[in-house]
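1. Sequence below, structure please.
(2 chains)
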Amino acid sequence: MVDLLLALFQRPNFLTFVIIFLWGFYIMLTRYNLVKKLVGMYLVQTSVIFFLVSISAKQGATVPVLLTTTDPVQAVDYVNPLPHVLTLTAIVVGVATLGVALALCAAIYRKYGTLDEEEILKKLQ
Amino acid sequence: MNYHLPAILFLLPLFAAIAMPVVCLKHREWSRPISLAVLSAMVVVSVLNLNGVIQYGEVRYAFSGWAPPLGIEWVADGLASVVLVALSVLGLLALVFAGPTAPRDLGGRVVHFYVLILLLIAALTGIAFAGDLFNLFVFLEVAAIASYGLVGVAGGKALFAAFRYLLLGTLGASLYLLGVSYFYAASGTLNMADMAEQLPHLLTSKAVVGGLLFMFIGLGIKMALVPFHVWLPDAYTHAPESISPILAALVTKVALLGWIRIIYWVLGAQVIIYDIPVLLLVGVLGTLAAVIGAVLALMARNIKTMFAYGGISHIGIILIGVTQGNKTGFAGGVFYLLNDAVMQGALFFLAGALVFQYGVRTVQDLAQIGKQVPWLTGALIVIALGMVGLPPTGGFFGKWYIILGALEAHNYVAVAAVLLSTLLTLAYFVKLFEAIFRQRPPRSDVLQSELPLSCKLSLGVTTASIVLLGLFSDPIVQWILNQALPPTL
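-> All right, here's what the predicted structure looks like:
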């Protein structure tokens, strides 16, 4: 048990990721307001992106811009740039999804006059 | 030239989708002919591509010349190419059908309607060809965003169904991305072929086990595997009549193809993690899906909901086939996947025609129409033969090879599940036929309205294909056995 806790606190990025992910998931499940659900959804997406960035970090490494052009490149000196690039794409995907979701919310509000899930379900019956 | 065909196949609908809002700014009636032309070109190119793959072997396309482990790679092997042919043909038929049945109050938005359809087809092409796990994620999301928009386009109840689809779909995509980042953290690569070489040493790593689980749940939501299927029936029932065929025939099937790629091409067929064979685990879920989906279909009253649940149960049957871990089962599963795409297309063309032309939504409504529309009834009979799986339709031979594969693996539970699902499928089609033939039709205004020619064309071609796939099942299955098997089987 102590080992497990120690292992957990030595990886603060994992801990942060798990907390944000579960928080977002909890909001998605428990809130009835559609926009609040979207906030939860965005937290879930952001937590995954955060995790992806955090695994690129290395101790004692710097941003992936070449320090010299003459010496051979040492991979140890730079953080891994690939997860950042993946993250950019994932952020774009997330923003597009959120845009579509907000447009749907606006259309639902115009149609039903409310954003409360229970009231909408009642009107659907 | 052959080398570039996969990229051309993807760029055709993508460029058309980007160019269309500009080209059709003044003439919105051009959007339909342009889309039809693009899809017809795709059919030709995909057949050429398949021909090239048969003659010269698989194509590994490296984008902008960056070599595979670092660059983005697309793999046009036998499996992807044959699925692409089905995708283009069904896409074209769905577009032919979508013309007259498109929601009437679209107005100027009709251009965007076609843009979304083309984007969806481009993204599905990308999923089928992707040789890179992150690429698969991006295309899954492009396809998903296009489908959210298309489901919601009709307004009304569809809006809420689309919103739920969006919430669950995004959760699935996030889980898939999480799984990919676990795999990346463990192996340091995203390319499927490269990862397949790294993974055998890493199978005891918790990152791989967790990543596999997250990926599987994510893709399970996308392919509507029981118990992650809750978004599908509402979304397909309330989606516009012109859109549900394209969604039902293609979207879940292509997500399933992505899963087949990961399990066979990345993990390897016989992989065992912590004493649990992965194939067996997926096979059990497929078994559950095959039976539960069919039971839910039997309970449904709305015709489109019934067909949507039927699709869920068929996803389970395909999974049973591909997870038996032998060649017969895999070939049967892939053949059934092609068949199911055609059958789901045909079913939703039929349901769409019923709603659009006669306002028939539920089984009771169908009783009022009765047998006054003989050729719709005829099409339903052929589709029912295919769905239940009676010779000479393709559905029979697909199930036949799946059962042979399950017997070869001594997996008698799976055999029983396929048979039970077949019986239940028969039961819900009997429900439809009882409504058609038993009761007196009180409505007489039916005969005056005649279906548009394009609806008849789409429905006729898919219905004929069900029989044709059955008649030519032997060469097709032989070809799958020779050319489309994964290297690890």
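2. and residue 70, which of the three is it?
-> You didn't pick a chain, so chain A it is. Under DSSP: H, G, I helix; E, B strand; the rest coil, the three-state class of residue A:70 is coil.
3. let's do chain B instead
-> Secondary structure, three-state DSSP: residue B:70 is coil.
4. do the one 10 residues further on as well
-> Put simply, residue B:80 is helix when judged by three-state DSSP.
5. distance of it from chain A?
-> In this view, residue B:80 and chain A are 22 Å apart by CB to the nearest CB, to the nearest Å. (C-beta placed from N, C-alpha, C; glycine too.)
6. close enough to count as contact, that residue and residue B:129?
-> Yes: with contact defined as CB atoms under 8 Å, residue B:80 and residue B:129 form a contacting pair (5.4 Å).
7. near chain B, which residues of chain A?
-> By the rule CB under 8 Å from any CB of the partner chain, the part of chain A lying against chain B is A:25, A:28, A:34, A:37, A:41, A:44-45, A:48, A:51-52, A:55, A:82-83, A:86, A:89-90, A:93, A:96-97, A:100-101, A:104-105, A:107-108, A:111, A:120, A:124.
8. Among the residues you listed, name the buried ones.
-> Buried residues within these, counting neighbours by 16 or more other CB atoms under 10 Å in any protein chain shown: A:25, A:28, A:34, A:37, A:41, A:44-45, A:48, A:51-52, A:55, A:82-83, A:86, A:90, A:93, A:97, A:100-101, A:104-105, A:107-108, A:120.
9. Among those residues, name the ones in helices.
-> If you go by DSSP state H, these have A:25, A:28, A:34, A:37, A:41, A:44-45, A:48, A:51-52, A:82-83, A:86, A:90, A:93, A:97, A:100-101, A:104-105, A:107-108, A:120 in helices.
10. contacts for the helix or strand bottoming out on mean pLDDT in chain A?
-> Lowest by mean pLDDT, DSSP states H and E among the helices and strands of chain A is helix A:2-9, with a mean of 81. Applying CB atoms under 8 Å, 6 or more residues apart in numbering or on different chains, the external contacts of helix A:2-9 come out as A:14-15.
11. ok, 10 Å please
-> A:14-15, A:18 (CB atoms under 10 Å, 6 or more residues apart in numbering or on different chains).
12. Checking my notes, residue B:61 in a helix, right?
-> No: assigned with three-state DSSP, residue B:61 falls outside any helix and is strand.
13. and the residue nearest to residue B:58 when sequence neighbours are not counted, what does it touch?
-> Leaving aside its chain neighbours, residue B:58 sits nearest to residue B:77 (3.9 Å; criterion: CB to CB, 6 or more residues apart in numbering or on different chains). By CB under 10 Å, 6+ apart, the contact set of residue B:77 is B:53, B:57-60, B:129, B:131, B:261, B:265, B:483-487.
14. swap in residue B:201?
-> Residues in contact with residue B:201 (CB under 10 Å, 6+ apart) are B:186-187.
15. What score does it have for pLDDT?
-> pLDDT recorded at residue B:201 is 81.
16. neighbours around residue B:227, how many?
-> Using other CB atoms under 10 Å in any protein chain shown, residue B:227 has 10 other residues around it.
17. whoops, residue B:55 was the one
-> For residue B:55, using other CB under 10 Å, the count is 8.
18. next one: the one 5 residues further on
-> Taking other CB under 10 Å as the neighbour definition, residue B:60 ends up with a count of 15.
19. Any idea what it is bridged to?
-> Under DSSP bridges, the beta-bridge partners of residue B:60 are residue B:75.
20. residue ranges of the strands in the stretch 151-300 of chain B, please?
-> Assigned by DSSP state E, counting those that start in this stretch, the stretch 151-300 of chain B shows strands spanning B:272-273, B:276-277.
21. Please spell out the segments of chain B that come in under the pLDDT threshold.
-> Across chain B, the ranges flagged by pLDDT under 70 are B:1, B:269, B:370, B:439-449.
22. and the gap between the closest residue to residue B:435 other than its chain neighbours and residue B:436?
-> In space, and not counting its chain neighbours, residue B:435 is closest to residue B:367: 4.2 Å by CB to CB, 6+ apart. Going from residue B:367 to residue B:436 by CB to CB, to the nearest Å gives 7 Å.
23. And for residue B:10?
-> Counting by CB to CB, the gap from residue B:10 to residue B:436 is 43 Å.
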